[in-house]
Structures are given as structure tokens and as C-alpha cells.
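Q: after the sequence you'll find the predicted model.
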Amino acid sequence: MARAIVDIAEEKKASNIVLLDIQHVSVIADYFVICSGNSERQVKAIARDIEETLDKQEVSPRSKEGLDQGRWALLDYGDVIVHIFAPVERDYYRLEKLWSNAQTVLIVQ
């Protein structure tokens, strides 16, 4: 599922997509998908497409946050947590650095 989410984000022109394997450093999930949208509108569009595509496969997020604001959207699929940031928020939170002990599976610039 994590790889499918990366593909969807890439199709929506998300930038700086990172797939982290966090299984050995946390129990909250197996993978983080982190990516950026260039605007609030694009952040919302990326999140919406991920959700709609997975809904067609009868996979729904356990929870979702930030979709109204468009600065940082979070989709929690249990084993996979998706973070979609506007550039300023991504620079501020720097999740890749926070989770630097995780294994980087994939980077798509």
C-alpha cells in the first residue's frame, strides 16, 4: 500500500516524496510517506486523490487531519501514515530528520 500511495502522490505532481520504513524504530506504523505540495490547493488535491483511489479498493483511512487547512494533511491507514506538507511546514517539522533512524526505502525528487 505504501508504494501505491507514493505512485498516486507522484501522479499528482507531489514533490520530494520520501518513503520511510519505521517498523524497527516505532510501533505506530510500518511506513511513513512524506511529500510536499506547492500550494494549499495541491496539498488538498494530493490527499483527496490518495483517499479516493484507496476508497475504490475499499481501503479507508482510520483518521485524517488538516484537510481543511491545506498546510499539512495527514492520512492514517494504520500500517502506513501519509504526511502531505506545504513547503514551509515541511521545513519547520522536518520529519525526515526526526525519524532519521528509520530506513529510507525510496526518494522521488
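A: Perfect, thanks for sending it. The shown structure was predicted, so the numbers you read here are calculated from the model rather than taken from an experiment. Residues are numbered from 1 along each chain as shown.
Q: where's Arg62 relative to Ile107, distance?
A: Distance, Arg62 to Ile107, by CB to CB, to the nearest Å: 26 Å. Just so you know, the C-beta spots here come from the backbone N, C-alpha and C atoms, and that holds for glycine as well.
Q: who's more crowded, those two?
A: Ile107 (13 against 9; other CB atoms under 10 Å).
Q: partners of the helix or strand where the more buried one lies, with directions?
A: Element membership of Ile107, judged by DSSP states H and E, is strand 103-108. Strand 103-108 has its sheet partners listed here by DSSP bridges as strand 15-21 (antiparallel).
Q: give me the contacts around the next helix or strand after the strand it pairs with.
A: From strand 15-21 onward toward the C-terminus, using DSSP H and E, the following helix or strand is strand 31-36. Residues outside strand 31-36 that contact it (CB atoms under 8 Å, 6 or more residues apart in numbering): 2, 5-6, 9, 14-23, 43, 46, 79-87, 90, 95-96, 99, 102, 105.
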